[in-house]
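Trainee: predicted model and sequence follow; I will ask about them next.
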Amino acid sequence: MAKKKWLHKILAILPSISLIVILLISSFEIGAYGDWNFYEKEYEKYKVADELYMEMPDIMKVTKFMMSYLRGNEKKLSIETEVEGNIQDFFNEKDRLHMADVQGLFLGGLAIRRGAIIVLLFSMAALVLMKADWKRLIPQMYQRVLAVFLALTAVAGFLFSRDFNKYFVIFHHIFFNNNLWILDPAEDYMIRMLPEGFFYDMVMRIGSIFVVFLIVSLVCSIVQKKINKRCDSR
């Protein structure tokens with residue numbers, strides 16, 4: 001009986017972790033694709049149009065094409081536009097090689113989310129079939145798992161806010177096995193379009209969305225626990 005209860009708890013942890021992974025990757029997707037006005041405001045903030053000698057509509061056209069490429073909707077990262085008074089390809093070969101790596105990370109994240117959805121559904125189905133008290137177990141386990149993720153999120157947020165450049169570099173060393181991400185503003189238009197400040201603001205945006213998701217999910221788990229208590233008192 002004790003072993004069965006431990007199995008139920010383990011199975012209840014799986015959907016908890018899966019849900020947080022789903023929310024994290026969805027936060028990235030919403031942060032990156034949810035509002036094109038965010039990009040335009042960032043470009044105005046960092047005077048990107050002046051840096052590139054481009055009009056804002058052209059910058060946004062390049063941005064949307066690049067983001068479409070990251071989703072795998074474009075075969076090649078190549079788009080002609082007017083830059084510095086000349087009609088030319090906005091991206092060079094180094095840009096294409098680096099963004100191919102970034103695309104791999106993004107598509108890999110979407111694949112992980114699909115896997116997390118499968119794990120969540122499988123573990124939930126297993127709990128139901130095993131006649132486990134999942135309505136009690138999942139809120140309980142979720143709150144414990146969530147406490148760990150909130151602590152990690154708080155630490156990550158603190159570190160990035162103290163020295164963003166340092167941890168931004170560490171991130172690239174962890175996820176990329178080359179130096180293609182080190183771009184030269186004199187040669188690479190992409191780094192002029194996406195300065196470090198832009199990435200800081202994007203990380204804060206994604207982090208805020210993720211925290212909101214976590215708070216909402218926490219409230220839902222608390223409500224479910226209260227419902228359980230009311231059922232017990234009847």
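Mentor: Happy to help now that I have it.

Trainee: going by C-alpha atoms from here, please, whenever you check contacts or count neighbours.
Mentor: OK.

Trainee: look up phi and psi at residue 178.
Mentor: Residue 178 adopts backbone torsions of phi -150, psi 180, taken as degrees, to the nearest 10.

Trainee: that one and residue 172, how far apart?
Mentor: 9 Å (Cα to Cα, to the nearest Å).

Trainee: between those two, tell me which one has more neighbours.
Mentor: residue 172 (15 against 11; other Cα atoms under 10 Å).

Trainee: mind giving me the packing neighbours of the host helix or strand of residue 25?
Mentor: Assigned by DSSP states H and E, residue 25 belongs to helix 2-33. Packing contacts for helix 2-33, counted by 3 or more Cα pairs under 8 Å, 6 or more residues apart in numbering; DSSP states H and E, involve helix 93-129, helix 134-162, helix 196-233.

Trainee: in it, what counts as buried?
Mentor: By neighbour count on 16 or more other Cα atoms under 10 Å, the buried set for helix 2-33 is 8-9, 11-29, 31-32.

Trainee: how about the most centrally placed residue in the chain, nearest residue that isn't a chain neighbour?
Mentor: In the chain, the residue lying closest to the centroid (Cα atoms, centre = their mean) is residue 28, at 2.3 Å. Of all residues not flanking residue 28 in the chain, residue 206 sits nearest, at 5.7 Å (Cα to Cα, 6 or more residues apart in numbering).

Trainee: please report the distance of that neighbour from residue 25.
Mentor: Shown here: residue 206 relative to residue 25, a distance of 9 Å by Cα to Cα.

Trainee: residue 68 now?
Mentor: According to Cα to Cα, residue 68 and residue 25 sit 17 Å apart.

Trainee: got it, and residue 43?
Mentor: Per Cα to Cα, residue 43 is found 25 Å from residue 25.

Trainee: for residue 226, same thing?
Mentor: Distance check for residue 226 against residue 25: by Cα to Cα, it reads 29 Å.

Trainee: where does this structure dip in pLDDT?
Mentor: Filtered on pLDDT under 70, the chain yields the residue ranges 1-4, 232-234.
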